[in-house]
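In: Sequence below, structure please.
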Amino acid sequence: MWKHFIADYFNFSKKERTGILVLVFLIVFFIGLPFLYPFFIKPGTTNAAIFKKEIASLSIQQTAQTKQFSNRNEGENLIQSSNRSVSNQPTKGELFYFDPNTASSSDWKRLGLRETTIATIQHFLSKGGRFYKREDIGKIWGLHPDEVKRLIPYVQIQNLQATRFSEEKEFKKKLPGAAVYSVSFIDINKADTAAFISLPGIGSKLSQRIINFRDKLGGFYAVEQIGETFGLADSTFQKIKPQLSISNIALTKININTADIEEMKKHPYLRYAISNAIVRYRLQHGNFLAVEDIKKIMTITADVFNKVAPYLTVGSP
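Out: Numbering: from 1, shown residues only. Prediction:
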């Protein structure tokens, strides 16, 4: 039985035998083809001198390109390191309230500005330029955005505001056959509920909220803070803003070296998270030497610092 099976399995027809022979021939041909290649196609001769010359030329070009790339990287590194040294250099200066229209060169220097920037400011003022609002100092050429954020909370353009308010208080608009209209101005640090109610769009609830917000803050240092009052629409704030003034800023300050979390978290700009971070940092590193030291706390960004710094102190409350 197995003999018949094996005999039938290996029994091929004439066509099958021919196909197998052709397949074997093709396999042998393609296996031996690489060995037959040199007999049909002769490789070209290579001039060793020309080859060495081309290699030397490529080596010179590569060296020149490497040197150029290295010089360029060195130049970029110098520029970057120079920029880092300027941007990372800590700002040295004392923070205090100042009027940019009347501040002297020595005042600007105390604030930490560079000589070139001070010269730019003095040139601007000598040509009749004026700072009309706190944000105008951001237009000073050469003043870094970080410096602008640092200084804005301490800008107090009192003289210019006083002049404008005194002129507008005397202004009366007369219309033919109509009543006489006068403009009233509100000192946001002194006004009571009745004064705020006299403003357009401000009712008894909003006026009380403004005063409560002022009391919790410890006084306003900028007119723009009124716009942060809960429930006060921005459209209403923009309408009353020209009638708001500020003078004699005497803020209630929190001593960050003695205040506990409960005391600090009552302030609208501190709350629990920031108060807790300040107290924990103080316990780990000791008392703060300056208000600016709280910037070392990771959760206190530049915006948070500029907003809350006027209400903080490290000395006697």
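
In: quick one: contacts for V279?
Out: D260, I261, M264 (C-beta atoms under 8 Å, 6 or more residues apart in numbering). Every C-beta, even on glycine, is put in place using the N, C-alpha and C of the backbone.

In: What pLDDT is listed against it?
Out: Here the pLDDT value assigned to V279 is 94.

In: Can you select the buried ones among the contacts of V279 for me in PyMOL?
Out: To isolate the buried subset of the contacts of V279 in PyMOL, counting by 16 or more other C-beta atoms under 10 Å, use the following:
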select buried, resi 261+264
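
In: R209 is in what secondary structure piece?
Out: helix 204-217 (DSSP states H and E).

In: Actually, I31.
Out: Using DSSP H and E, I31 sits within helix 14-40.

In: Now do that helix: which elements does it pack against?
Out: Helix 14-40 is packed against no helix or strand, with contacts defined by 3 or more C-beta pairs under 8 Å, 6 or more residues apart in numbering; DSSP states H and E.

In: pLDDT weak spots in the stretch 201-317 of the chain?
Out: Where the stretch 201-317 of the chain drops to pLDDT under 70, the residues are 248, 316-317.

In: Quick one: the strands in it, in order.
Out: 244-245, 254-255, 312-313 (DSSP state E, counting those that start in this stretch).

In: Can I get the ones you listed in JSON lines including mean neighbour count and distance to Y221?
Out: Below are these laid out as JSON lines (neighbours: other C-beta atoms under 10 Å; distance: least, C-beta to C-beta, whole Å):
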{"stretch": "strand 244-245", "mean neighbour count": "20", "distance to Y221": "13"}
{"stretch": "strand 254-255", "mean neighbour count": "18", "distance to Y221": "14"}
{"stretch": "strand 312-313", "mean neighbour count": "22", "distance to Y221": "12"}
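
In: could you dump those strands to JSON lines with distance to F29?
Out: Converted to JSON lines, the strands of the stretch 201-317 of the chain look like this (distance: least, C-beta to C-beta, whole Å):
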{"stretch": "strand 244-245", "distance to F29": "100"}
{"stretch": "strand 254-255", "distance to F29": "96"}
{"stretch": "strand 312-313", "distance to F29": "93"}
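
In: between those strands, which gets nearest to K216?
Out: Of all the strands of the stretch 201-317 of the chain, it is strand 254-255 that lies closest to K216, at 11.7 Å by C-beta to C-beta.

In: can you count the residues close to the nearest residue to L289 once chain neighbours are set aside?
Out: If the residues on either side of it in the chain are set aside, L289 comes closest to V314, at 6.7 Å by C-beta to C-beta, 6 or more residues apart in numbering. For V314, the neighbour count with other C-beta atoms under 10 Å is 17.

In: do Y311 as well
Out: By other C-beta under 10 Å, the residues close to Y311 number 22.

In: Check the one 4 residues further on too.
Out: Around G315 there are 8 other residues, counting by other C-beta under 10 Å.

In: how much space is there between it and R271?
Out: 24 Å (C-beta to C-beta, to the nearest Å).

In: same thing with P242?
Out: Applying C-beta to C-beta to P242 and R271 gives a distance of 32 Å.
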